[in-house]
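Student: Show me the folded form of this:
(one chain, ligands or ions: 1)
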Amino acid sequence: MNNKILIAGGSSGIGYGIAKHFYEKGWDVLITGRNKDKLNLAKATMPGIHTLVYDSADEEHLADLINFIESNWNGKLDILVNSAGHVELGSLKDISKSSLEDMYQAHLIGPTLLASKCLKFLAATKGHILNITSSHGIKVYSDLSAYGSAKAGLNMLTKIWALELAPIGVKVNAIAPGPTNTDILKSAGYDEETILAIQDSEKKQIPLQRRGNVEDIVSVAVSILDSEWTTGIIIPVDGGISIS
Ligand SMILES: NC(=O)c1ccc[n+]([C@@H]2O[C@H](COP(=O)([O-])OP(=O)(O)OC[C@H]3O[C@@H](n4cnc5c(N)ncnc54)[C@H](OP(=O)(O)O)[C@@H]3O)[C@@H](O)[C@H]2O)c1
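Tutor: This is a model prediction of the structure:
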């Protein structure tokens with residue numbers, strides 16, 4: 001039976017890049033996103049890939065995902081990638097309960113429940129969980145209470161799960177990308193001018209003097225997912241921004 005990978009948030013950006021790699025290697029790949037049109041666009045470039053609409057806040061979507069793996073893949077899963085996420089900037093003064101809930105849902109509650117539900121599959125394959133966190137969960141920035149704390153939390157969850165699941169052979173690691181060229185800022189609703197200003201400011205803080213590309217993240221993801229004896233690590237792939 002083919003190897004199988006589920007990439008939550010695989011319809012674009014970093015998740016899409018990881019999906020493309022495994023698709024081209026001949027794996028069975030299931031990608032998710034909230035927007036059906038984006039999923040269809042991704043599928044157009046990877047015929048035969050499986051897609052499901054999944055909003056991490058929707059418990060029915062989670063049940064659909066698990067049903068898909070049980071019914072279509074006979075409960076086999078080798079890798080779970082938690083890449084689903086979006087960003088929101090905001091000062092402490094103006095923070096709202098809904099923005100906190102949204103960020104914690106997307107980056108903490110969603111990935112935790114998904115990992116928990118996939119555990120029975122991953123235990124059988126001695127599989128791997130890869131969390132896509134962020135340099136914002138390592139380096140301290142102002143105006144990022146919700147997103148920064150959510151990503152820092154996901155870094156800690158990576159280590160907790162790694163320790164908890166090592167006895168059953170499941171590896172858990174994280175990549176903490178720095179500023180990477182994807183549509184994440186556009187999806188957050190920022191206008192072109194604001195996006196350029198944010199990108200310019202980020203670039204100036206990066207020791208290697210350029211923003212990342214999806215391929216920069218994918219190459220490290222592939223190498224960590226290839227390792228059978230690495231667990232509980234958070235790898236910054238960020239041009240050095242987290243040490244600047
Ligand atoms: N790009 C960067 O600079 C950067 C840096 C550090 C960390 N990251 C992290 O990397 C991950 C991937 O981001 P990206 O840059 O590749 O952005 P992206 O291109 O916007 O991809 C995000 C993916 O997640 C899905 N998604 C977003 N919010 C979701 C939610 N609440 N529930 C379910 N799916 C959701 C999106 O599809 P829909 O929009 O259709 O839902 C899409 O498939 C995120 O966790 C992000 O925080 C990105």
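Student: Spit out the contact partners of the residue nearest the centre of the chain.
Tutor: For the chain, the residue sitting closest to the mean C-alpha position, by Cα atoms, centre = their mean, is residue 83 at 1.4 Å. By Cβ atoms under 8 Å, 6 or more residues apart in numbering, the contact list for residue 83 reads 7-10, 13-15, 18, 132. Heads up, the C-betas are built off the backbone N, CA and C, glycines and all.
Student: Equivalent analysis for residue 169, please.
Tutor: Applying Cβ under 8 Å, 6+ apart, we find residue 169 in contact with 123, 126.
Student: among the contacts of residue 83, which are in reach of the ligand?
Tutor: The subset of those within reach of the ligand, by Cβ under 6 Å from any ligand atom, is 9, 13-15, 132.
Student: show me where this protein has helices.
Tutor: Assigned helices in the chain, in chain order: 13-24, 36-45, 59-72, 97-104, 110-125, 145-165, 184-187, 192-205, 214-225 (criterion: DSSP state H).
Student: Out of those, indicate the one that is most buried.
Tutor: helix 13-24 (a mean of 23; mean count of other Cβ atoms under 10 Å).
Student: Just the C-alpha atoms of it, please, in CSV.
Tutor: Provided in CSV are the C-alpha atoms of helix 13-24 (Å, rounded to 0.1, in the frame of the first residue of the first chain):
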residue,chain,number,x,y,z
GLY,A,13,1.9,28.2,0.5
ILE,A,14,4.1,26.0,2.6
GLY,A,15,1.6,23.2,3.0
TYR,A,16,1.1,23.1,-0.8
GLY,A,17,4.9,22.9,-1.3
ILE,A,18,5.1,19.9,1.0
ALA,A,19,2.1,18.3,-0.7
LYS,A,20,3.7,18.8,-4.2
HIS,A,21,6.9,17.1,-3.0
PHE,A,22,5.2,14.0,-1.7
TYR,A,23,2.7,13.9,-4.7
GLU,A,24,5.7,13.9,-7.1
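Student: pLDDT averaged over that helix - what is it?
Tutor: Average pLDDT, helix 13-24: 98.
Student: swap in stretch 220-228?
Tutor: 98.
Student: is that stretch up against the ligand anywhere?
Tutor: No. Against the ligand, stretch 220-228 shows no contacts by Cβ under 6 Å from any ligand atom, the least distance being 10.9 Å.
Student: List the contacts of that stretch.
Tutor: 14, 18, 21, 79, 81, 128, 130, 171, 173, 175, 230, 233, 235, 237.
Student: How confident was the prediction at the residue nearest to the centre of the chain?
Tutor: For residue 83, the pLDDT comes out at 98.
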